[in-house]
Every structure is written in C-alpha cells, then in structure tokens.
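>>> Next comes the sequence, and after it the predicted model I'd like to discuss.
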Amino acid sequence: MKSFTLTGASALSPARLRTGLLDPTTWRGQDGVIESTADDALTVSFPLGTQSVPDSLSRFVPADAVLRMEVHTAAEAPVGSPQTAGLRVTVPGAPVMVRVELIAHPTAPAADPADAAEGVGSTLRAHTEIESSVPLFGPVVESALEPVVRSQLTEKFDELADLG
C-alpha cells in the first residue's frame, strides 16, 4: 500500500465544505453522473479518459472505464469542530482502490456576528492510501499510480477548497 498526505486551506467553513461534498450540483459541474445520494453519502461516476491511466497500467483498465467515487461524511460536528469525510475511489473492473480521509479544521471565527455559527476558513488535510490487488505486482501498480492519484487529487483538492 502507498500512502501520502496533502494539506491545504479554504476560505469556506468546515460545515460549508461538508455540504459541498454532498451536493450533487458540485459533481455534475465536473461532468460527474450521480449514482446515489443520502443524508451523509453520495456516489458519483466520472468518465475515465485514456490519458488518466499510465500506459503501463492500461491493460488492467477496461476501455469504457469510469472512475467511481463514494463520499461518506461523519455526522455533522458541532460548530467550531472539525468535519470529516471518507472517499473511496475505484475503477470498476480494475484491481485498484484509493481511500482518502479528509478532515477540515476551522481556522478562524467569523468576523460578522451573524455568521458566528459557521466560522470562517478551514485547514484541510487529506490522508490518501492506494491499494492494488494485482498478485505479485501490487506494489508496482501502486507506485505507478501514485503520481497520477496525487496529481488528480491535488486538482480536486483545490476545487474543493473553492466550492462556495
């Protein structure tokens, strides 16, 4: 298993980030197809372009592959507390899974008393694990995917920071 952690910042409160993660509109705007929604979960699929898969791994990925992301948030935390979410990313038919634990910590109280319940800003942390079930070659697959996953997650992480 390969793992890494990304950190970042957002002008949005942890509560607003949690709401954005569960909002189907957020993902439709990124060409996502919503498969299911619930109060604290959402599943969305994205087309997986051939340019997203390293050449050395293309034989493991079906030609019509999609990237499926399941978002599960913890129960909404009290105001001023961190919000957490788990993301599970798979390509159905491919022997790889990516798990992300996302935590948004509040960084500052609201300047306007009317917004005091929400606070302002978040510090984001995403701990990511890449796991492959390819016999004998799992670690090679994980190593080949790490830069791709890191790049894609960094891009999504930046988009998440600006959900507002």
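Cool, the structure landed. Numbering: from 1, shown residues only.

>>> quick check, Trp27 in a helix?
Yes: according to DSSP: H, G, I helix; E, B strand; the rest coil, the state of Trp27 is that of a helix.

>>> Looks like Thr73 contacts Ala85 (just checking).
Yes: with contact defined as Cβ atoms under 8 Å, Thr73 counts as touching Ala85 (4.4 Å). (Glycine included, C-beta is placed from N, CA and C.)

>>> Now do the lowest-mean-pLDDT helix or strand in the chain: everything it contacts.
Lowest on mean pLDDT, DSSP states H and E among the helices and strands of the chain sits helix 138-161, with a mean of 80. The contact list for helix 138-161, computed with Cβ atoms under 8 Å, 6 or more residues apart in numbering, reads 1-2, 4, 6, 8-12, 17, 20-21, 30, 52-54, 56-57, 60, 95-96, 98, 100, 124, 126, 128, 130-132, 134.

>>> Give me the subset of those residues lying in helices.
17, 20-21 (DSSP state H).

>>> so where's this structure uncertain?
Applying pLDDT under 70 to the chain flags the ranges 49-54, 56-62, 108-120, 161-164.

>>> same thing but at 50, please
Residue ranges of the chain with pLDDT under 50: 114, 116-117.

>>> For it, which segments count as strands?
2-10, 33-38, 41-47, 66-73, 83-90, 96-108, 120-132 (DSSP state E).

>>> can you put those strands in CSV and add distance to Glu142?
Converted to CSV, these look like this (distance: least, Cβ to Cβ, whole Å):
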stretch, distance to Glu142
strand 2-10, 4
strand 33-38, 26
strand 41-47, 21
strand 66-73, 17
strand 83-90, 14
strand 96-108, 8
strand 120-132, 5
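
>>> want to throw these into CSV with mean neighbour count and distance to Phe157?
Putting the strands of the chain into CSV (neighbours: other Cβ atoms under 10 Å; distance: least, Cβ to Cβ, whole Å) gives the following:
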stretch, mean neighbour count, distance to Phe157
strand 2-10, 15, 6
strand 33-38, 12, 21
strand 41-47, 18, 16
strand 66-73, 19, 13
strand 83-90, 19, 11
strand 96-108, 19, 9
strand 120-132, 19, 6
